[in-house]
Structures are given as structure tokens and as C-alpha cells.
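Asker: sequence first, then the predicted structure, then my questions.
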Amino acid sequence: MSVFLAILWKDLVTEWRSRDRVVAMGLFALLVVVVLHFALPVAPGGRELEAFLPGLLWVAYVFAALLGLNRAFALELENETLSALALAPADRGWIFLGKAAANWILLGLVQAATAVAFVLAFQAPFGAVAAPLAGIVALGSLGLCAVGTLFGAISVRTRYREVMLPLLLLPLLVPVLLGAVRATAELLQTGRVSFAPLQLLIVTDVVFLIASFLGFEYVLDE
Amino acid sequence: MSDAPAIVARGLTKQFGPVVALAGVDLEVPAGTVLAVLGPNGAGKTTLLRLLAGLARPSAGSVRVDGGDADRRHPRGRVGFIGHHTMLYPALTARENLVFAARLYGVADPGGRAEQLLTRNGLAAYADWPAGSFSRGMAQRLAIARGLVHDPAVMLLDEPFTGLDAPAAERLVASLRELREEGRTCVLATHDLARAGAVADRALVLSRGRVTHEARGAPLAAESLERAYRAAVGVT
């Protein structure tokens, strides 16, 4: 547990001082919103747009997450600090949990800013459902960050890590995106969410967290 | 100094695809001694140290460190490792780097241990400086402090003299002597024959993943060591 807290503290403090990842992720997500704003042939606030909004929102979230997850371990290569983490005698699953929790918190900040950008650009009706929407986003991001942290660590030592991470990660994110987009769409259309998409999100999160916790033991070996 | 080996490696082999980085290396390092591992670039020095540290798994053979059976679970907590790079976070202060490392190793009083090591390594005045602002010599001292944070019985140092000016390198030699006097076992991979000879009790020369020469007894026979090193490098 102390290893988990140490990693979480370290990642958040170094990010607070450098703002390396959050700024890059935030700017990238903002650019995605701007591109979508000009590319979509529908008027902001219209009924046609409402059908697209959940998918567009999660596209922006996933793109921003990919950028942040890639950087999370690339920063650990700078002074070979990844080896320092691998040398820790604790179960490496705790290292995974610390990194994943930090990724989840940082991504959450970017997602909040991106949601505001969606409201401004598309007059997205997020205000009325802010709390349940935050819950769905948190659940979806948990699965994304769990498996993303694992594959970020796997791809970081590969030659084409920027390409490798999306190639490995995106196919695995299908159940997370299915659940998250469906839950978001239901929430925006009816103000409620049925149990089925939430169940899919929760089950996926639990499976990804357990598999990544156990698999991380072997990921840091050279 | 005890005669019981702190490190025992048998038939240690590591392959990276078709490349054999280490080919059946046998090694015994008695507790409380300093072993210098010499050899040209690509000889397998770094691979050997990373296998001993538990950072990599051998393709064949076994490693036993400080009595811990590395075949089942490497006793990483008994090993301090100082690599090519400092393994420090530039955005964290010297104190924060040490406290973080202490927490990773489950040290009881991380803050107290950090203060102790900062003082010991002459860095107390710079405790609140970001590690990224340190000179190479200061960063190396902090890296050594980080390696010692959990009071390991075995220290592995990979090219620790690289990039140090003469005074910093001499200070490092003094630190290595201190480690030996404290009874720690050290394995030092280096190109620097003179400094290795000044601090090591034993030496081995690696060439293309194999041990080509071994020397023991301080002071080391500098001439034969240099001859073996030159042969490994391919210079006669």
C-alpha cells in the first residue's frame, strides 16, 4: 500500500511541477473538439447532434488518454527511473496501481475541461446531468487507465511506442467504449441510465484491473 | 570479511534474440569484497549487473544473491543498484527523491533515512534543490545515496565513473572504500582500470559475454589485468 501511495504522490507532484502531460492532453483534446466543431455538418445544439455527442465525447477522451498514457512511462525512461521502480522489492502490482491511479486522476482533469469545451462548442446539455455523467466517465476511464497503464509499460521499450500503444490498446477498449458510449447516450436522451451498460463497464473495469495488477509483475522485466 | 559468497552465479546466460550477451558466466563474490568487472563496450558487463540486480531474467543459469534464491523470486530488497543513469526524478528535490526511494523499499522512517544519507553524502545543504539542477558529480552522489536507502548488503554499480571529473571520481572511490569497510559486497562494472584497481579486491575481464581473465588479492596485479583487458579490447 505504501508503494501505491508513493507512486501516486510522485506522479502527481512531478506532474504538478512540470505540467508536462496535462497540458499536452488538454490541448490535444481541445484541438479535437475544434476540429469536430468545424468538420460536423450539423448545427450546435440541434437534435441531430445529440445522437453523435456521446461518441464524439469519448473519441476526444480516448485520444487524450492515449497521449497521456504514452507519456506516463516515456517520462520514466528519462533517467532510467523505470529500472528504479522495477527494483523495488514490493509486489509490482502496487506500482501498476499507483501509476494507473495517477493516470486516472490526470485524465479526469482533462476530461472535465474537455466536457466544458463540448458545452461551449456544441451547446452540449451536460449541465443538467453533470453528476451522473461524471460517474460514467469515471467508470469508463478506470478501465481505460487500467489496461492503458499495462500496455503503456509494455510498449514503452518498443521502438515504435507511439504507434504500438494505440495498436495494442484500441481493440481492447471496445467493451469499455461500448458501455461508456451507451451509458452516456442513455443519460443524455432520458436523464437515466439502465443497468446493462453500467454492468458492462463495471465487469470490464474489474477484469482489466485484476489482469493488469497480476500481469504487471512480468512487464517490467527486461 | 566473511568467506561465504554473497553472490553466486552459475552458467549465467542471456540472449537477446540471436545475440548472446552473456554465455555461461560462473561467478562467486565473497561477502564484503569488491569485484571489478572490466571489458570493452558490448562485453556483457551491464547485462551481468542487470541479471544480478533482478532487472532481467536469465535465458539460462541461476543467480543467488545474499542467500536469496533468485530462481524463485529475486531478493531485490537486498540489492542496491546504480546504473548508467542516475535513476533520479529531476522535478523532485534531493530529499524527495530519497524519501520516495525509501517508501518504495518500505523503510520505516523515510524522512529520517533521507536526512541521514544527505548528510553522509555531503548534500544536506542541497536537500531542497531539484535533482535536475545538480551537477553530474552531485547527481552521482545522490544516486549512491538512493542506492543505499534500504541499507543493502550488495551494491551493484554500472559505470559509476562515467562523466565525472577527477575530484568527483576520487570522491566516488572514497565512497566505494567506505562501502567495503561497512562490509557491503560491491560489484563494479567499469572501463577505468586504475580506479577499479584502487578499490577492488577481485577483478574479472569479460569479452563477448565470456570471462576471459580473473584476478584476486588487493592490490590487484595491474600489469596482468591491463594485459587481459587489452586482449579483450583487441589492442596488444
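Answerer: Now that the structure is in, tell me what you want to look at.

Asker: just for chain A, where's the confidence low?
Answerer: Counting by pLDDT under 70, the ranges of chain A that qualify are A:44-46.

Asker: residues from it in reach of chain B?
Answerer: Residues of chain A that fall close to chain B, judged by Cβ under 8 Å from any Cβ of the partner chain: A:2-3, A:5-6, A:9-10, A:13-14, A:17-18, A:78-81, A:83-90, A:221-222. C-beta coordinates here come from the backbone N, C-alpha and C atoms, glycine included.

Asker: quick one: the helices in chain B, in order.
Answerer: Listed from the start of the chain, chain B has helices (DSSP state H) covering B:45-53, B:94-104, B:110-120, B:136-147, B:166-181, B:193-199, B:222-233.

Asker: need the ones you listed in a markdown table (columns: mean neighbour count).
Answerer: As requested, the helices of chain B are arranged in a markdown table below (neighbours: other Cβ atoms under 10 Å in any protein chain shown):
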| stretch | mean neighbour count |
| --- | --- |
| helix B:45-53 | 25 |
| helix B:94-104 | 25 |
| helix B:110-120 | 18 |
| helix B:136-147 | 23 |
| helix B:166-181 | 16 |
| helix B:193-199 | 19 |
| helix B:222-233 | 16 |
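
Asker: wait, which of those helices is closest to A:V116?
Answerer: Each of these was checked against A:V116 via Cβ to Cβ, and the shortest separation belongs to helix B:94-104, namely 32.8 Å.

Asker: tilt between that closest one and helix B:136-147?
Answerer: Interaxial angle, helix B:94-104 versus helix B:136-147 (axes from the mean of the first three to the mean of the last three Cα atoms, to 10 degrees): 30 degrees.

Asker: what does helix B:94-104 contact?
Answerer: Where contact means Cβ atoms under 8 Å, 6 or more residues apart in numbering or on different chains, the residues beyond helix B:94-104 that reach it are A:2-3, A:5-6, A:9-10, A:13, A:84-85, A:88, A:90, B:88-89, B:92, B:110-111, B:113-115, B:117-118, B:123, B:126-129, B:131, B:134, B:142, B:145-146, B:149-150.

Asker: so, low pLDDT: which residues of chain B?
Answerer: Screening chain B residue by residue with the criterion pLDDT under 70, one finds the ranges B:1-3, B:68-74, B:218-224, B:232-236.

Asker: from the residues of chain A next to chain B, keep the buried residues only.
Answerer: Among the residues of chain A next to chain B, those classed as buried by neighbour count (16 or more other Cβ atoms under 10 Å in any protein chain shown) are A:3, A:6, A:9-10, A:13-14, A:79-81, A:83-90.

Asker: among those, which ones are in helices?
Answerer: Judged by DSSP H, the subset of those located in helices is A:3, A:6, A:9-10, A:13-14, A:81, A:83-87.

Asker: separation between A:W9 and A:S155?
Answerer: With distances taken as Cβ to Cβ, to the nearest Å, A:W9 is found 25 Å from A:S155.

Asker: oops, could you answer that again for A:S83 instead?
Answerer: Counting by Cβ to Cβ, the gap between A:S83 and A:S155 amounts to 17 Å.

Asker: cool, and B:L27?
Answerer: Summarising the geometry, the distance separating B:L27 from A:S155, computed by Cβ to Cβ, is 34 Å.

Asker: between the two, which one's more packed in?
Answerer: Neighbours were tallied for B:L27 and for A:S155 using other Cβ atoms under 10 Å in any protein chain shown; the higher tally belongs to A:S155 (23 against 20).

Asker: so who does the more buried one touch?
Answerer: Contact criterion Cβ under 8 Å, 6+ apart gives A:70, A:73, A:161, A:164-165, A:168 as the residues in contact with A:S155.

Asker: up against chain A, what does chain B have?
Answerer: Counting by Cβ under 8 Å from any Cβ, chain B sits next to chain A at B:50, B:53-57, B:75-77, B:79, B:81, B:83-92, B:96, B:100-101, B:103-106, B:146, B:150.
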